[in-house]
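Participant: I'll drop the sequence and a predicted model, then ask my questions.
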Amino acid sequence: MGHFSRVLVATDDGLHAKPALRKAVHLANQSHADLTMLRVQLPKQAGLSQWLQQLLTAPNISHQRQKHPSYPDKDIRLVLKHCHAPTLANAVLDELSQRDYDLLILEHHEYSALRCEFGHTEDWQLLQQVPIPVLFVSNEPWENDGKLLTALEVDDEGERHRQFNRQLLDVSDELARLLRMELHLLTCYQAHDMNVSFENRDLNHHTWVAEQWRRLRQTAEPLSLEDKRLHLAAGLPDDMVPEAARQWHSNLVVMGASEHTSMLSTLKGRASEQLLNQLKCDVLALKPQQSQLH
C-alpha cells in the first residue's frame, strides 16, 4: 500500500486547472488511488460585506456524480464534484470534513511580493489549515527522468525529527519511482560569513561543514544514494531551496511544513510562505504525523 490511496484535487478554473487535473489522474493511475475531483465555482464580484458574510457560511454542494473510467491496465475510482463557495479554502475544508483523504492537490498560484509582505496568501492559509500533505502543481509537465528535490533539516538529531526525515525520504522515494524522477537531497546550513554557495563532496576542509555532510549521508543511508545526489547549501532555506530547484531544473520539491511553531520556525525545517511562493515548480509539503509534533 502506498502513502497516497485517497486523493483530492480541487480547482477554481484558474490558469493551472487542467495541468492539476492531468497530474492528479496520472498520480492516481500510478499509485492505484481513489481520486476525487472538486471543481469550485467562486463568486465573480461581491462587495466587502457580502464577501464577509459568505466566509461565515459553508459551501453549497450543487451536485455530485461518480464515474468508473477504464484506463489501460489501470483501475481507479473517480468521483466528480462541483460546488459554489466564497473561497477555494472554504470548499476544500468542507470536503475534508466530510471524507478522509491522504493527499490534497491544488494549483500552485503565483503571488506578488507585496501580497506576501502585507498579507497571507490563500495557498499558505490552506497549507496551515489542512491536516494532510498538500501538492501544489504548476503548469509545467512532469518529465520522465526529471529531478525530484527533497529539502531536509539534519541539525536536529532528536528521535521525533529523525522519524519525520524518514517520512520525507519514504514519500520522496515512492514518488520518484512512480513518476520516474531522479531523487536529490538538499540540506541548508548557516555559514558564519553567510556567503551563498552550493557544495558537494569536496567539503572536509571545515569541521562544521564536514559534520553537516556526515549527518546528511547518515540520513540518506537507507536510500543508498550516490554522493552526487546529496547537496549542501550555505544560506537560508528561503533563498537556497528555490535557487537549487532552478539550478537543477527540478520538476518537484518535497519539503516539511509546520513541524515547528516557534519564532525561529522559518529556520527550523518548516516551509515558509516566502519559500512556497518563490518555488515555480511543483511543491509537496508534508506535515509530521500527530505523534511527532513538537
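Facilitator: Received it, and whenever you're ready, just let me know what you need. Residues are numbered from 1 along each chain as shown.
Participant: ok, which stretches of this structure are strands?
Facilitator: Counting by DSSP state E, one finds strands in the chain at the ranges 6-11, 34-41, 60-67, 78-84, 103-107, 134-137, 146-152, 181-189, 197-199, 230-234, 252-256, 282-286.
Participant: could those strands be laid out in CSV, adding distance to Arg246 and mean pLDDT?
Facilitator: All C-beta spots, glycine's among them, are computed from the backbone N, C-alpha and C. Shown next, in CSV, are those (distance: least, Cβ to Cβ, whole Å; pLDDT from 0 to 100):
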stretch, distance to Arg246, mean pLDDT
strand 6-11, 26, 95
strand 34-41, 31, 94
strand 60-67, 39, 45
strand 78-84, 35, 92
strand 103-107, 20, 94
strand 134-137, 16, 94
strand 146-152, 10, 94
strand 181-189, 13, 93
strand 197-199, 12, 55
strand 230-234, 13, 92
strand 252-256, 11, 94
strand 282-286, 13, 94
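Participant: kindly reformat those as TSV containing mean neighbour count and distance to Asn165.
Facilitator: As requested, the strands of the chain are exported to TSV (neighbours: other Cβ atoms under 10 Å; distance: least, Cβ to Cβ, whole Å):
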stretch	mean neighbour count	distance to Asn165
strand 6-11	23	24
strand 34-41	20	29
strand 60-67	10	39
strand 78-84	16	34
strand 103-107	25	20
strand 134-137	24	19
strand 146-152	24	6
strand 181-189	22	10
strand 197-199	14	20
strand 230-234	21	13
strand 252-256	26	8
strand 282-286	25	11
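Participant: nearest to Glu273, out of those?
Facilitator: Nearest of these to Glu273, taken as Cβ to Cβ: strand 282-286 at 11.3 Å.
Participant: can I get that closest one as PDB, trimmed to CA atoms?
Facilitator: The C-alpha coordinates for strand 282-286 follow below in PDB (Å, rounded to 0.1, in the frame of the first residue of the first chain):
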ATOM      1  CA  ASP A 282       5.600  21.600  -8.200                       C
ATOM      2  CA  VAL A 283       5.800  21.500  -4.400                       C
ATOM      3  CA  LEU A 284       4.800  18.700  -2.000                       C
ATOM      4  CA  ALA A 285       4.500  19.900   1.600                       C
ATOM      5  CA  LEU A 286       4.400  17.200   4.200                       C
END
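Participant: what's next to stretch 163-181, contact-wise?
Facilitator: Identification of contacts with stretch 163-181 by Cβ atoms under 8 Å, 6 or more residues apart in numbering yields 2-3, 27, 30-31, 133, 142-148, 150, 152-154, 182-183, 185, 219-220, 222-223, 251-252, 254-256, 259, 269, 284, 286, 288-289, 292.
Participant: rewinding a little: redo the strands of the chain as CSV? Include distance to Gly158.
Facilitator: Shown next, in CSV, are these (distance: least, Cβ to Cβ, whole Å):
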stretch, distance to Gly158
strand 6-11, 31
strand 34-41, 35
strand 60-67, 43
strand 78-84, 40
strand 103-107, 27
strand 134-137, 25
strand 146-152, 14
strand 181-189, 16
strand 197-199, 25
strand 230-234, 21
strand 252-256, 14
strand 282-286, 18
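Participant: for those, which one sits closest to Val241?
Facilitator: Nearest to Val241 among the strands of the chain is strand 146-152; the distance by Cβ to Cβ comes to 5.0 Å.
Participant: report the angle between the closest one and strand 252-256.
Facilitator: 10 degrees (axes from the mean of the first three to the mean of the last three Cα atoms, to 10 degrees).
Participant: which helices and strands does strand 146-152 pack with?
Facilitator: Counting contacts by 3 or more Cβ pairs under 8 Å, 6 or more residues apart in numbering; DSSP states H and E, strand 146-152 packs against helix 159-178, strand 181-189, helix 237-247, strand 252-256.
Participant: sheet-wise, list the partners of that strand with their directions.
Facilitator: As defined by DSSP bridges, the strand partners of strand 146-152 come to strand 181-189 (parallel), strand 252-256 (parallel).
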